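Q: Kindly return the folded structure for what I paste below:
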Amino acid sequence: MTIQEYIDAVAAQLDLPEKTVQRIRRELENELYELVQAGADQAAAIEKMGTVEETAAALNEKYADARRREPLKKGEMPLLLPWCLIFSSALGLVKGAQVLFWQGTGFDAALAVLGLVLTIVSALAVVKYKKK
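A: Predicted structure coming up:
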């Protein structure tokens, strides 16, 4: 088995996005050719890397976080929505307190109102998902 055949066999067993597979292919090629340049023949370099199955399993585990996430199921709340609720309520509270207690500017008042409006919108969206 040649180095290129080995890399192709490993890449065929990877369950990763194409960009990640291409990067892994380049890394494997570099590692194997470095071993060859150090004096090993192709078979010895491939043997040192391990079997195709072992290498593919290790790479799938190493790059598991690069896998595509499954799309949200119908009616499932996006994780961004609670964060929007937290951020908008914090914005409204901080800027509102600044306007009330520290004599904030008109811009601060506008941000406080924006925070309040975004909090209401986010809360309504969360309630909509919670009812389902």
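
Q: hey, let's count contacts and neighbours off CA atoms from now on
A: Will do.

Q: Buried ones in the longest helix along the chain, by neighbour count?
A: Once the chain is assigned using DSSP state H, the helix that runs over the most residues is helix 106-131. Buried positions in helix 106-131, judged by neighbour count with 16 or more other CA atoms under 10 Å: 108-109, 111-116, 118-119, 122-123, 126.

Q: Now render those residues as CSV, adding pLDDT and distance to residue 33.
A: Formatted as CSV, the buried residues of helix 106-131 follow (pLDDT from 0 to 100; distance: CA to CA, whole Å):
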residue, pLDDT, distance to residue 33
108, 84, 61
109, 86, 63
111, 85, 58
112, 86, 61
113, 89, 62
114, 89, 59
115, 88, 57
116, 87, 60
118, 86, 56
119, 89, 57
122, 87, 55
123, 86, 57
126, 82, 54
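
Q: what about dumping the CA coordinates of the helix or strand hosting residue 23 to CSV?
A: In this structure, residue 23 is located in helix 18-37 according to DSSP states H and E. The C-alpha coordinates for helix 18-37 follow below in CSV (Å, rounded to 0.1, in the frame of the first residue of the first chain):
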residue,chain,number,x,y,z
GLU,A,18,-15.0,17.9,4.0
LYS,A,19,-12.9,20.9,5.2
THR,A,20,-11.6,18.9,8.2
VAL,A,21,-11.0,15.8,6.1
GLN,A,22,-8.9,17.9,3.6
ARG,A,23,-6.8,19.3,6.5
ILE,A,24,-6.3,15.8,8.0
ARG,A,25,-5.2,14.5,4.6
ARG,A,26,-2.6,17.2,4.4
GLU,A,27,-1.4,16.5,7.9
LEU,A,28,-1.2,12.8,7.3
GLU,A,29,0.7,13.3,4.1
ASN,A,30,3.2,15.6,5.8
GLU,A,31,3.7,13.2,8.7
LEU,A,32,4.2,10.2,6.4
TYR,A,33,6.6,12.0,4.0
GLU,A,34,8.6,13.3,7.0
LEU,A,35,9.0,9.7,8.1
VAL,A,36,10.1,8.7,4.6
GLN,A,37,12.6,11.6,4.5
